[in-house]
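*Asks:* Take a look and give me a structure for this.
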Amino acid sequence: MQRHWRDDLERMIALDLRARGIRDDRLLEAFRAVPRHEFVPYEHRLNAYADAPLPIGNGQTISQPYIVALMTAALAVSKGARVLEIGTGSGYQTAILGELGARVWTIERDASLQCDAKALLHGLGYRNINYRCADGTMGWPEAAPFDHILATGSLPEAPAPLLAQLRDGGSFVGSVGRRTIQEMVRIVYHPQQMTVETLCACRFVPLVGFNGWTH
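*Replies:* Numbers count the residues shown, from 1 in each chain. The predicted structure follows:
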């Protein structure tokens, strides 16, 4: 990694992650290992390590680093965990999960985004990732149960058919609510009951699909 990218990365980790409460060294090392600028379109690369979302094309964004860290920390991913990611997007969140040693099943409905993300992740050496181009709000039933499900876009609510793809005690992290504003929640799933924790207010691009938004 070139010197200026390394400096930007270390500044991001110090000011936007650690200083804001992300203290898990294993998670911070995952962020240190992933070259975020590679996941950002060329015209936005000067801002790759700024704590802000950036457009990646087709109306989609790469989430700001702090939000990626907050969501990943909420999952508490252990090595070997089975994680379903709804919305591959740029592949940056996918790479963070891969660095943590998770086995990732990632779904993206936009074929061009998925193709680009898959090529980039493969080129960076990630081999613990399974890809599908489909409606992510339907999940990946034949690969279930999962230890964790991470939704990288917003949903009107956490769909019951999606939560049912978690193991007993598994967790879902994603943003749910209105189209204009949502709450990021962590749901611990049990067949007879669930516990819901609100992490913060947020605003994500919508996840369009059968169990998501209509457009």
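*Asks:* switch to C-alpha atoms for all contacts and neighbour counts from now on
*Replies:* Will do.
*Asks:* same for the helix or strand encompassing residue 149, what does it pack against?
*Replies:* Under the criterion of DSSP states H and E, residue 149 resides in strand 146-155. Where contact means 3 or more Cα pairs under 8 Å, 6 or more residues apart in numbering; DSSP states H and E, strand 146-155 is packed against helix 65-75, strand 82-86, strand 166-177.
*Asks:* The nearest residue to residue 134 once chain neighbours are set aside: how many residues sit nearby?
*Replies:* Excluding the flanking residues, the one nearest residue 134 by Cα to Cα, 6 or more residues apart in numbering is residue 109, at 4.7 Å. When neighbours are counted by other Cα atoms under 10 Å, residue 109 registers 20.
*Asks:* could you pull out the helices for the protein?
*Replies:* Secondary structure of the chain (DSSP state H): helices located at 3-11, 25-33, 65-75, 92-99, 111-123, 160-163.
*Asks:* how far off helix 25-33 does the first one point, in degrees?
*Replies:* Going back to what we said before, that points to helix 3-11. 160 degrees (axes from the mean of the first three to the mean of the last three Cα atoms, to 10 degrees).
*Asks:* Contact partners for the most centrally placed residue in the chain?
*Replies:* Centroid-nearest residue in the chain, with Cα atoms, centre = their mean: residue 93, separated by 4.2 Å. Counting by Cα atoms under 8 Å, 6 or more residues apart in numbering, residue 93 touches residue 68.
*Asks:* Assess the claim that residue 48 and residue 40 are in contact.
*Replies:* Yes. The pair residue 48 / residue 40 is scored as a contact, 6.3 Å apart, by Cα atoms under 8 Å.
*Asks:* out of those two, which sits in the more crowded spot?
*Replies:* The neighbour count for residue 48 versus residue 40, taken as other Cα under 10 Å, is higher for residue 48 (26 against 23).
*Asks:* Give me the below-cutoff pLDDT ranges for the chain.
*Replies:* Scanning the chain with the threshold set as pLDDT under 70 gives 3.
*Asks:* still on that earlier bit, how close does the residue nearest to residue 134 sit to residue 152?
*Replies:* 12 Å (Cα to Cα, to the nearest Å).
*Asks:* intersection of neighbour lists for those two?
*Replies:* residue 87.
*Asks:* closest to residue 59 out of the helices and strands packed on strand 146-155?
*Replies:* strand 82-86 (16.2 Å; Cα to Cα).
*Asks:* elements contacting that closest one?
*Replies:* So strand 82-86, by 3+ Cα pairs under 8 Å, 6+ apart, packs with strand 103-108, strand 146-155.
*Asks:* Which one, of these, ends up nearest to residue 119?
*Replies:* strand 103-108 (13.7 Å).
*Asks:* between that closest one and helix 92-99, what angle do the directions make?
*Replies:* Computed by the same axes, to 10 degrees, the angle separating strand 103-108 from helix 92-99 equals 170 degrees.
*Asks:* Run through who's touching strand 103-108.
*Replies:* 80-89, 94, 97-98, 114, 128-136, 139-140.
*Asks:* roughly how far is that strand from the heart of the chain?
*Replies:* Mean C-alpha position of strand 103-108 versus that of the full chain (Cα atoms, centre = their mean, to the nearest Å) differs by 10 Å.
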